[in-house]
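Visitor: just coords:
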């Protein structure tokens with residue numbers, strides 16, 4: 001959950017950095033490196049700005065063209081995000097644009113980006129209540145990116161099959177401290193029931209968004225909605241442990257103590273008894289003897305940390321698919337911990353790390369999503385018969401674990 005790529009844990013910074021590396025044909029770009037010093041010219045700058053327009057949904061401000069660095073561009077895009085009229089965004093790019101997005105010719109890619117931008121804009125203007133007429137079971141994805149409203153998820157969703165309806169779920173504004181997983185799931189449920197009443201759905205979430213997807217499945221099932229699957233992408237599974245669930249439930253009436261107790265139990269699992277005691281002693285010593293230092297944690301991280309620590313996942317009669325990054329330790333995301341709480345748990349390995357999986361390896365993740373959606377549909381169509389996925393050594397290898 002704290003994984004970093006080249007000094008950043010900001011998904012939008014990593015998205016812009018990946019864009020630069022692709023345009024400049026470099027293997028690495030510094031977060032504070034000037035675009036033109038990095039090898040850019042007027043042609044590649046135009047292409048970069050057009051692709052940024054697609055990412056952000058509006059032109060890059062001309063007043064901010066000085067000092068083009070990855071870090072500054074990400075900050076400008078966040079500051080100029082358009083207002084959200086809904087917590088749900090439909091996303092889809094035209095299929096014929098996907099191949100040209102990776103073309104070697106700059107102008108082919110530029111035309112593809114422009115066409116994709118127009119298509120996404122037109123799709124967003126359509127009346128969302130027509131969503132129920134789309135073919136395929138709708139896939140609702142809680143992207144978990146409260147800083148930039150899931151910009152990375154637009155590119156990821158666009159790689160799914162064209163007939164697959166995809167919707168991103170996010171708060172209309174940055175959640176206030178104290179907002180809970182349950183509150184976010186309740187907001188999303190009301191929107192889903194409004195646009196696809198009575199339809200079966202597939203839910204998914206990345207990192208902390210996986211908790212929201214889990215609780216959303218709980219709420220929808222309680223109202224008789226068929227949830228064909230819940231996709232957990234690099235979602236920590238500590239909250240499914242019996243001891244941690246008991247501690248969180250016991251302290252539910254005192255949120256600060258609940259968060260502190262849950263984080264303590266999680267740290268004990270992660271570091272072991274001896275190291276946990278040493279870290280606890282050092283924290284207490286600094287608290288008692290050292291000068292009080294104001295917290296430097298960004299507001300979004302404080303919110304996510306508190307929201308995640310306080311969540312106690314309920315039982316759900318749904319098939320769960322855990323997408324795990326192969327470069328990460330399974331200590332935080334071990335899928336077997338979810339097994340007692342779900343109908344079944346299927347493990348799917350994807351390339352990359354916690355952060356790079358959904359940026360640099362989005363094609364592999366989208367392919368794994370498409371395969372899992374097909375499996376979820378097959379399971380749903382075979383009433384009374386369980387379908388066990390085949391074992392594979394591919395990057396999208398899956399090992400079924402019965403719940």
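Guide: Cool, got the structure. Note that the structure is predicted; figures quoted are calculated from it, not measured.
Visitor: what sits closest to residue 171 if chain neighbours are left out?
Guide: The spatially closest residue to residue 171, leaving aside those adjacent along the chain, is residue 87, at 6.1 Å (Cβ to Cβ, 6 or more residues apart in numbering). From N, CA and C alone the C-beta is placed, and that goes for glycine too.
Visitor: kindly report the same for residue 145.
Guide: Closest residue to residue 145 apart from its sequence neighbours, by Cβ to Cβ, 6+ apart: residue 11 at 5.1 Å.
Visitor: wait, that neighbour sits on residue 154?
Guide: No. Using Cβ atoms under 8 Å, residue 11 is not in contact with residue 154, being 11.7 Å away.
Visitor: give the residue spans of the stretch 151-300 of the chain that score low on pLDDT.
Guide: Low-confidence segments of the stretch 151-300 of the chain (pLDDT under 70): 172-175, 248, 251, 253-273, 276, 279-300.
Visitor: can you pull out the helices in it?
Guide: 151-158, 181-195, 209-222, 242-250, 255-271, 273-289, 299-310 (DSSP state H, counting those that start in this stretch).
Visitor: likewise the stretch 1-150 of the chain?
Guide: Ranges of helices in the stretch 1-150 of the chain, per DSSP H, counting those that start in this stretch, are 11-24, 42-56, 70-79, 95-101, 106-125.
Visitor: tell me the angle the third one makes with helix 11-24.
Guide: Compare the direction of helix 70-79 with that of helix 11-24 by axes from the mean of the first three to the mean of the last three Cα atoms, to 10 degrees and you get 120 degrees.
Visitor: model confidence over helix 70-79, on average?
Guide: Average pLDDT, helix 70-79: 88.
Visitor: just the longest one next, same as before
Guide: Helix 106-125 shows an average pLDDT of 56 in the prediction.
Visitor: quick check: closest non-adjacent residue to residue 191.
Guide: Spatially, and ignoring its direct neighbours in sequence, residue 191 is nearest to residue 88 (4.8 Å; Cβ to Cβ, 6+ apart).
Visitor: I figured that neighbour hits residue 192, correct?
Guide: Yes. Taking Cβ under 8 Å as the definition, residue 88 is a contact partner of residue 192 at 7.5 Å.
Visitor: overlap in contacts of the two?
Guide: Residues touching both residue 88 and residue 192 (Cβ atoms under 8 Å, 6 or more residues apart in numbering): residue 140.
Visitor: where does pLDDT dip in the stretch 1-150 of the chain?
Guide: 1-7, 57, 82-86, 92-135.
Visitor: if you set the cut-off to 90 instead, what comes out?
Guide: 1-12, 15, 22, 25, 27-28, 41-67, 74-137, 144-150 (pLDDT under 90).
Visitor: and the closest residue to residue 166 other than its chain neighbours, what does it touch?
Guide: Leaving aside its chain neighbours, residue 166 sits nearest to residue 157 (4.2 Å; criterion: Cβ to Cβ, 6+ apart). By Cβ under 8 Å, 6+ apart, the contact list for residue 157 reads 91-92, 141, 166, 168, 366.
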